[in-house]
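> output the structure for:
(one chain, ligands or ions: 1)
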Amino acid sequence: MNQEILFATHNKGKLREARAFLSKVGYVVYGLDDLFLDEKVTESGSTYAENAYLKAQAFSTLPFPVFSDDSGFEIASLGGKPGLHSARFAEELGGYDKAMDFIVGKTRQDDRALFRCTICLIEKGKGPRYFEGEVKGRILPERHGTNGFGYDPIFESEDGVRFGEASEEEKTLHSHRGRALLKLATYLAI
Ligand code: IMP
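Presented below is the predicted three-dimensional model:
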């Protein structure tokens with residue numbers, strides 16, 4: 001029989017990805033919108049894990065397990081920034097197009113970058129559990145494709161997948177979030 005689990009997100013793309021993994025191990029995944037939940041959680045943590053915990057913990061009184069994720073883009077030539085503040089970084093530079101132009105300009109010598117994701121799972125009567133995923137790659141010298149979101153058009157993974165050109169399924173197979181979700185699905189399956 002299917003078990004229920006909440007993914008504390010409003011992001012439809014993330015939900016589709018999570019459903020693809022967790023339906024295979026017998027879970028029905030609800031998003032916040034499915035349950036008409038719209039409580040805003042302040043991401044005040046200083047690590048991905050802390051933010052993922054805060055977002056999951058806010059909904060942990062519901063009668064089923066809940067998980068949340070936090071992720072970011074880390075650029076070698078910017079000393080690992082914007083990292084935890086990836087969304088805010090784009091906002092402050094006037095949007096993703098401007099932020100990507102800025103990044104491309106700063107990474108001509110050293111183009112190494114990575115995406116990182118941490119998922120926090122809270123189950124009844126148990127402490128939080130964390131599942132991490134990362135994907136290393138490089139900043140492309142110009143934007144490619146319009147798929148995905150955020151910084152995808154300037155990222156190519158080590159194994160040659162351009163996130164702005166990849167289908168959602170292909171990106172998930174290689175992405176930080178896909179890798180963390182696979183670990184979560186494996187844990188839930190056991
Ligand atoms: P959050 O985990 O939804 O809070 O995402 C944080 C931010 O990191 C996003 O708003 C994007 O700027 C960036 N980011 C995280 N994952 C990805 C991705 O898969 N592609 C592009 N940008 C991403």
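
> how far away is Pro141 from the ligand?
Taking CB to the nearest ligand atom, to the nearest Å as the measure, Pro141 falls 18 Å from the ligand. The C-beta positions use only the backbone N, C-alpha and C, and glycine is treated the same way.

> no no, Arg179
The value you get for Arg179 to the ligand, if CB to the nearest ligand atom is used, is 11 Å.

> in which helix or strand would I find the closest residue in space to that residue that isn't next to it in sequence?
Counting by CB to CB, 6 or more residues apart in numbering, the nearest residue to Arg179 once its immediate chain neighbours are dropped is Gly133, at 3.0 Å. Counting by DSSP states H and E, the element that carries Gly133 is strand 129-139.

> I would like the residues contacting that strand, please.
Contacting residues not belonging to strand 129-139 are listed as 49, 52, 75, 103-104, 107, 111-123, 154-158, 174-184, 187 [CB atoms under 8 Å, 6 or more residues apart in numbering].

> returning to what we had before: what's around the residue nearest to Arg179, how many residues?
21 (other CB atoms under 10 Å).

> how about the residue of the chain found nearest the ligand, secondary structure?
Going by CB to the nearest ligand atom, the ligand is nearest to Gly150 of the chain, at 2.5 Å. Here Gly150 is coil, with the state taken from DSSP: H, G, I helix; E, B strand; the rest coil.

> run a quick neighbour tally on the residue nearest to it when sequence neighbours are not counted.
In this structure, Gly150 finds its nearest non-sequential neighbour in Tyr96, 6.3 Å apart by CB to CB, 6+ apart. Close neighbours of Tyr96, defined as other CB under 10 Å, add up to 19.
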